[in-house]
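*Asks:* The following block contains a protein sequence and its predicted model.
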Amino acid sequence: MADPKRRYNRIKIVLLEKEKTNIWLAGQLGVSTTAVSKWCTNRNQPTVETLFKISEILNVGVCELLVAK
C-alpha cells in the first residue's frame, strides 16, 4: 500500500512558481478543477499523456513535475 503522505509530483509547486492557479490549469487542459486539485494534493495522478500536456502548458520539462525518490 502506498504511503499517503508520499509526494509523487510537483504540479502544485510549479503552479505557484509560475503564478498560475488550479482553475487556470484546469481551463487550459479542459478538465475539472477537482481533477487538478486531486493531482496537486496527490490524491490522484494525471495520466502520462496529461503530464506531458501539463509540462507543455507550464513550459517545464516533465522531469521537473516529478519528485525523485
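*Replies:* It's in.
*Asks:* Now name the helix or strand holding residue 49.
*Replies:* Counting by DSSP states H and E, the element that carries residue 49 is helix 48-58.
*Asks:* Report all helices and strands that the following helix or strand past that helix contacts.
*Replies:* Under the assignment DSSP H and E, the closest C-terminal helix or strand after helix 48-58 is helix 62-65. Helices and strands touching helix 62-65, by 3 or more CB pairs under 8 Å, 6 or more residues apart in numbering; DSSP states H and E, are helix 11-17, helix 48-58. Just so you know, the C-beta spots here come from the backbone N, C-alpha and C atoms, and that holds for glycine as well.
*Asks:* any chance of these in CSV, with mean neighbour count and mean pLDDT too?
*Replies:* Output for the helices and strands packed on helix 62-65, formatted as CSV (neighbours: other CB atoms under 10 Å; pLDDT from 0 to 100):
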stretch, mean neighbour count, mean pLDDT
helix 11-17, 16, 94
helix 48-58, 15, 97
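*Asks:* Which of these sits closest to residue 35?
*Replies:* Residue 35 lies closest to helix 48-58 among those, at 8.9 Å (CB to CB).
*Asks:* Any chance you could list what contacts that closest one?
*Replies:* With contact meaning CB atoms under 8 Å, 6 or more residues apart in numbering, helix 48-58 is reached by 9, 11, 14-15, 18, 20, 25, 28-29, 31, 46, 61-62, 64-66.
*Asks:* Pull out the buried members of the residues you listed.
*Replies:* 9, 11, 14, 15, 25, 46, 65, 66 (16 or more other CB atoms under 10 Å).
*Asks:* Using TSV, please lay out those residues together with distance to residue 37.
*Replies:* Converted to TSV, those look like this (distance: CB to CB, whole Å):
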residue	distance to residue 37
9	13
11	10
14	15
15	11
25	10
46	12
65	16
66	19
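*Asks:* from these, which two are the most distant?
*Replies:* 25 and 66 (16.4 Å).
*Asks:* Next up, the contacts around the residue nearest the centre of the chain.
*Replies:* Central residue of the chain (CA atoms, centre = their mean): residue 11, 3.3 Å from the mean position. By CB under 8 Å, 6+ apart, residue 11 lies in contact with 25, 36, 39, 40, 46, 54, 65.
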